[in-house]
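[1] Build me a model from this:
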Amino acid sequence: MARIPLLQLNDISLTFGGDPVFHDLSLVVQPGDRVALVGRNGSGKSTLMKVMAGLVEPDRGTRVVPPGVSVGYMEQDPDMAGFSTLGDYAASGLDASEMYRVEMAGEGLKFDPARAVETASGGERRRAALAKLMAEAPELMLLDEPTNHLDIEAIAWLENELRETRKGYVLISHDRAFLRALTRATLWIDRGSVRRQERGFDDFEAWRDKVWEEEDLQRHKLDRKIKSEGRWAVEGISARRKRNQGRVRRLQDMRAERAGQIRRQGAAAMELAAGPKSGRKVVEAVDISKAYGEKVILSKFSVKIQRGDRVAFVGPNGVGKTTLLKILMGQENPDEGTISIGTNLMPAVFDQARAQLDPEMTLWDSLTGDPDMRVSGKADQVLVRGQPKHVVGYLKEFLFDERQARAAVKSLSGGEKARLLLAKLMAKESNLLVLDEPTNDLDIETLDLLQELLDDYDGTVLLVSHDRDFLDRVATTTIAMEGDGKATVYAGGWSDYQAQKAEAEPKEKKEKAKPSEVKVKSDAKAEAKPAEGLSFTEKHRLEALPGIIERLEAEIGKLEEFLMDPELFSKEPVKFQKATDALVERQQALAAAEEEWMALEEKAGG
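    Take a look at the predicted model:
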């Protein structure tokens, strides 16, 4: 029996006052689909998602959502007018039987439901919007960069939630590890068209490169054919004019086809040039401690960073990563211990808060008004690594067009702001890069280029990021900040840190299982044993399953308590049915999780 799609777009065309964003676009999202939506910054990913959500009306074409199907969209800038707290917003529209979902999402995503809306940061607002969507659990979830402003622990929580759900979803994300773990199909926006492949993101780049290779081959063949036919037209057309009008028309058609082909947007022409070498020692910290009142950031921490090191700082939001960076840079003093900073340092800083960008300034003024980039007497030029360049030419290297040069910074997307900040940073000579969340909002191709530039950079890199794949590609040392002043230095990137941490932990179980009448549940609650016979992914899955089982049992308990009301069925039949369906769904998920846990335990011990 054919499945009824959750969503259909038919022959969608959309233009914003210039070139078409989409033309004759059609797509279908089926129940249970797990789709990666990928494309270059500015290709229209977020716009397409808003069309899918019904928030943007296309110029032509239809959007079809079957009756009874709910579509939820995670808003980038949610409207919270009329709500006093983030919790009020996240819980709006939910039944009493669904309120527990907001609490669990709030805990997993680390946002405070009691936070007043007017004092909440942009990141907190986005986490509340994500919690609202997860609590609503629509049949189709549209998630635009859901991992932005999440730390690695919250990303892991969200990843587990989306792995366990039976709902369909479409994801936009720059986080490769997140996309690889979750997606089974890929929608690729490229020059106004959308292609679909029934494989997850892991196969995207090979597919993309094959498509582009075939395009280049066809373009080359067309160019040769046009050249050949053009020579024939010049040399013999007069003698054969009447017999060959059709051939002339075909030549005109080929030329029109070639002229109408839209060239692929090239990669940003970013360059990163190191200045004079620093001394061998960049910074050394010996037994440093730092606290704010009762909150301990560091306790007796020591590290030595040398020229050429690539050091990543990881840990939950609020643990003190930026504070440690400031101490190591000499911008803040430790309470105890000593800091020794090396010689000839020329730092360049990428600030996650984008504080170096004035939203009211134009891109032009943002560059020409920078004291480090100003060229005396030349209002249309900027100093780029010691050489003057025309401001528009330099902006084009970072994929901005001439029209954007006079636009306000506040009109840019998150990815465009990141590229503008990189343009300012890369104009300067440096031998120490401090990159605080540089990966947020960048498209995958720009991330690849940034990683290559950092590999070739003849200087030192200090990096804060929650992008696990990027950390693995760049970092040679990882400083893990785990709270309560604990900071540990590990060799390698994120995966290396995880492996070393697992090896260092005692093999004995740290927590006893809670008493249970069912032996399987009791065993599953215990911490996973060292799993010698398992793959890396299976080991992590085995470690995660006890928490998943515990969460499912908690949800089942709350639903059973809610359904104990003897008058619920007669007074609130819709709520009763929703709670009953939710209870059955969670009981099935619990049984599957317990079965998976037993299979992995058996394989690990085998």
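
[2] Outline the domain layout of the chain.
    7-206, 217-260, 266-346+429-504, 363-421, 519-605 (automatic domain parsing).

[3] Show the average pLDDT along the longest one.
    Domain 7-206 shows an average pLDDT of 91 in the prediction.

[4] just stretch 557-576 next, same as before
    Averaged across stretch 557-576, pLDDT comes to 76.

[5] cool, stretch 307-317 as well?
    For stretch 307-317, the per-residue pLDDT averages 94.

[6] Check stretch 585-603 too.
    83.

[7] tell me which residues in that stretch are buried?
    Going by neighbour count (16 or more other CB atoms under 10 Å), the buried part of stretch 585-603 is 585, 586, 587, 589, 590, 593, 594, 596, 597, 600, 601. To be clear about C-beta, it is placed using only N, CA and C from the backbone, and glycine gets the same treatment.

[8] Could you report the pLDDT at residue 360?
    So, for residue 360, pLDDT stands at 92.

[9] Am I right that it is in contact with residue 410?
    Yes. Here residue 360 reaches residue 410: they are 6.7 Å apart, a contact under CB atoms under 8 Å.

[10] Could you dump the domains of the chain into JSON lines with distance to residue 354 added?
    Below are those laid out as JSON lines (distance: least, CB to CB, whole Å):
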{"stretch": "domain 7-206", "distance to residue 354": "11"}
{"stretch": "domain 217-260", "distance to residue 354": "38"}
{"stretch": "domain 266-346+429-504", "distance to residue 354": "9"}
{"stretch": "domain 363-421", "distance to residue 354": "6"}
{"stretch": "domain 519-605", "distance to residue 354": "33"}
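
[11] out of the ones you listed, nearest to residue 356?
    Among the domains of the chain, the nearest to residue 356 by CB to CB is domain 363-421 (6.3 Å).

[12] what separates that closest one from the chain centre, distance-wise?
    26 Å (CA atoms, centre = their mean, to the nearest Å).

[13] cool, and stretch 178-194?
    13 Å.

[14] Next: stretch 469-481.
    17 Å.

[15] what's the answer for stretch 144-157, then?
    8 Å.

[16] how far does that stretch stretch from start to finish?
    17 Å (CA to CA, to the nearest Å).

[17] Also stretch 335-350?
    Terminal-residue distance, stretch 335-350 (CA to CA): 26 Å.

[18] which residues sit against it?
    Residues outside stretch 335-350 that contact it (CB atoms under 8 Å, 6 or more residues apart in numbering) are 275-291, 300-302, 307, 327-330, 333, 356, 421-422, 425, 428-436, 438.

[19] Check the residues you listed for burial and list the buried ones.
    Buried among those by 16+ other CB under 10 Å: 275, 278, 282-285, 288, 290, 301, 307, 327-329, 421-422, 425, 428, 430-436, 438.

[20] Give me the secondary structure label for residue 23.
    What DSSP: H, G, I helix; E, B strand; the rest coil gives for residue 23 is strand.

[21] Correct me if wrong: it contacts residue 192.
    Yes. Under the criterion of CB under 8 Å, residue 23 makes contact with residue 192 at 5.2 Å.

[22] List the ones among the contacts of stretch 335-350 that fall in helices.
    Among the contacts of stretch 335-350, the residues falling in helices (DSSP state H) are 327, 328, 421, 422, 425.

[23] okay, those residues in TSV with distance to residue 459 next?
    Shown next, in TSV, are those (distance: CB to CB, whole Å):
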residue	distance to residue 459
327	20
328	15
421	18
422	16
425	12
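
[24] Name the residues of stretch 412-420 that are buried.
    412, 414, 415, 416, 417, 418, 419, 420.

[25] go on, stretch 9-17?
    9, 12, 14.

[26] List just the nearest of the residues you listed to residue 555.
    Of all the buried residues of stretch 9-17, residue 9 has the smallest distance to residue 555: 34.2 Å, by CB to CB.

[27] so who does that closest one touch?
    By CB under 8 Å, 6+ apart, the neighbours of residue 9 are 25, 26, 27, 28, 51, 52, 61, 62, 63, 64.

[28] Check for me that it belongs to a strand.
    Yes. Under three-state DSSP, residue 9 falls within a strand.

[29] Give me the nearest residue to it, chain neighbours excluded.
    In this structure, residue 9 finds its nearest non-sequential neighbour in residue 27, 5.1 Å apart by CB to CB, 6 or more residues apart in numbering.

[30] I'd assumed residue 196 was in contact with that neighbour.
    Yes. At 6.6 Å, residue 27 counts as touching residue 196 under the criterion of CB under 8 Å.

[31] what residues are shared contacts of the two?
    With CB under 8 Å, 6+ apart as the test, residue 27 and residue 196 both reach residue 187.

[32] neighbour-wise, which of the two wins?
    For the pair residue 27 and residue 196, the greater number of neighbours falls to residue 27 (19 against 13), based on other CB atoms under 10 Å.

[33] follow-up on the earlier one: element containing the residue nearest to residue 9?
    In this structure, residue 27 sits in strand 20-29 according to DSSP states H and E.

[34] centre of the chain versus that strand, how much separation?
    How far strand 20-29 lies from its chain's middle: 23 Å, per CA atoms, centre = their mean.

[35] For the helix or strand just after it, enumerate the helices and strands it packs against.
    Counting by DSSP H and E, the next helix or strand C-terminal to strand 20-29 is strand 34-38. Strand 34-38 sits against helix 45-53, strand 168-172, helix 176-182, strand 185-190, with contacts defined as 3 or more CB pairs under 8 Å, 6 or more residues apart in numbering; DSSP states H and E.

[36] now strand 34-38 and strand 20-29, what's the angle there?
    Relative orientation of strand 34-38 versus strand 20-29 (axes from the mean of the first three to the mean of the last three CA atoms, to 10 degrees): 170 degrees.

[37] any idea how far residue 427 is from residue 460?
    Distance, residue 427 to residue 460, by CB to CB, to the nearest Å: 19 Å.

[38] I misspoke; the intended subject was residue 284.
    13 Å.

[39] Pull up the overlap in contacts between those two.
    residue 305.

[40] got a list of contacts for stretch 356-365?
    Contacts of stretch 356-365 (CB under 8 Å, 6+ apart): 349, 366, 369, 391-392, 395, 400, 404-410, 412, 417, 420-421, 424.

[41] for stretch 195-210, same thing?
    By CB under 8 Å, 6+ apart, the residues outside stretch 195-210 that reach it are 27, 34, 36, 38, 176, 179-180, 182-188, 211.

[42] what's the first-to-last distance across it?
    End-to-end distance for stretch 195-210: 13 Å, by CA to CA.

[43] Flag every buried residue along it.
    In terms of neighbour count (16+ other CB under 10 Å), stretch 195-210 has its buried residues at 197, 200, 201, 204, 208.

[44] Quick one: those as TSV, columns for distance to residue 546 and secondary structure too.
    Shown next, in TSV, are those (distance: CB to CB, whole Å; DSSP: H, G, I helix; E, B strand; the rest coil):
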residue	distance to residue 546	secondary structure
197	35	strand
200	26	coil
201	28	helix
204	33	helix
208	39	helix
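
[45] Report the two of those residues separated the most.
    200 and 208, at 13.6 Å, using CB to CB across these.

[46] burial of residue 54, as a residue count?
    Residue 54 has 12 neighbouring residues, counting by other CB under 10 Å.
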